[in-house]
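Enquirer: Give me a 3D structure for the following:
(chains A and B)
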Amino acid sequence: NSKVIQTPRYLVKGQGQKAKMRCIPEKGHPVVFWYQQNKNNEFKFLINFQNQEVLQQIDMTEKRFSAECPSNSPCSLEIQSSEAGDSALYLCASSGFAEQFFGPGTRLTVL
Amino acid sequence: GQQVKQSSPSLTVQEGGILILNCDYENDMFDYFAWYKKYPDNSPTLLISVRSNVDKREDGRFTVFLNKSGKHFSLHITASQPEDTAVYLCAADQGGSAKLIFGEGTKLTVSS
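Expert: As a prediction, the model looks like this:
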């Protein structure tokens, strides 16, 4: 069973508002991923970290999102100015360079 | 284009039956292949996975077969149960810290 913790489970924001979600990876997992899952079960990779360093991110994440994985603190993903199209399930996964285990997700609704 | 493809959007099987879920991929660099199970409104749960240095891995009722030359991997489920009803997602990546690429999912229904 996954030990990845994500908070909050649900988040409702108005357009233009900031939306921030957090993830505590499984202990001992140095790699953290954020994915966006839409209602059609399509997964979009957003960004990943190894320890505190960004490994890879997509263009959208670079422009409108900010993410970090500080040492001894939860990882976070923040949308600077929410848009209706950002409504989705945001999944955090952690990995020890092998399998990726997912947290329960934060369901964001942008009104 | 879609790098990982599941050809069957949905499947129905009788309880106790055997079923096979298929996944095709395009990227020769993929090194790790996984099947996840997902219930509605839940996140994916890792079911079984295999690295490219083996062509089969078995775990109870679940077996994954990898055909690297055909760029294809499959999940075989035996003695299917109603609790197996879920969406099954195949995924692959280049190993290490690489991102997972998911297929579109196959919705499986096991009828009793």
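Enquirer: Let me see the contact set for residue B:82.
Expert: Contacts for residue B:82 (Cβ atoms under 8 Å, 6 or more residues apart in numbering or on different chains) come out as B:15, B:110, B:111, B:112. Any C-beta I mention is one placed from the backbone N, CA and C, and that applies to glycine too.
Enquirer: Angles on the backbone of it, please.
Expert: When read as degrees, to the nearest 10, the backbone of residue B:82 gives phi -50, psi -30.
Enquirer: In space, what's closest to residue A:60 - neighbours in sequence excluded?
Expert: Nearest residue to residue A:60 in three dimensions, chain neighbours excluded: residue A:46, at 7.5 Å (Cβ to Cβ, 6 or more residues apart in numbering or on different chains).
Enquirer: Dump whichever helix or strand that neighbour is part of to PDB, keeping only the CA atoms.
Expert: Using DSSP states H and E, residue A:46 sits within strand A:43-50. What follows is strand A:43-50 as a C-alpha-only set of coordinates in PDB (Å, rounded to 0.1, in the frame of the first residue of the first chain):
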ATOM      1  CA  PHE A  43      -2.500  11.500 -17.200                       C
ATOM      2  CA  LYS A  44      -0.300  14.500 -17.800                       C
ATOM      3  CA  PHE A  45       3.100  14.600 -16.300                       C
ATOM      4  CA  LEU A  46       3.800  18.000 -14.700                       C
ATOM      5  CA  ILE A  47       7.200  18.000 -12.900                       C
ATOM      6  CA  ASN A  48       9.500  15.700 -11.100                       C
ATOM      7  CA  PHE A  49      12.200  16.200  -8.400                       C
ATOM      8  CA  GLN A  50      15.200  14.200  -7.200                       C
END
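Enquirer: now the helices for chain A?
Expert: Ranges of helices in chain A, per DSSP state H, are A:59-64.
Enquirer: Would you mark the buried spots in the lowest-mean-pLDDT helix or strand in it?
Expert: Lowest by mean pLDDT, DSSP states H and E among the helices and strands of chain A is helix A:59-64, with a mean of 83. By 16 or more other Cβ atoms under 10 Å in any protein chain shown, the buried positions in helix A:59-64 come out as residue A:61.
Enquirer: what does chain B put close to chain A?
Expert: Chain B has residues B:32, B:34, B:36, B:38, B:42-46, B:49, B:87, B:89, B:95-97, B:99-102, B:104-105 near chain A, with proximity defined as Cβ under 8 Å from any Cβ of the partner chain.
Enquirer: In strands, which of those appear?
Expert: Assigned to strands by DSSP state E, the following of the residues of chain B next to chain A qualify: B:32, B:34, B:36, B:38, B:45, B:46, B:49, B:87, B:89, B:101, B:102.
Enquirer: hmm, which of the residues you listed are the buried ones?
Expert: B:32, B:34, B:36, B:38, B:46, B:49, B:87, B:89, B:101, B:102.
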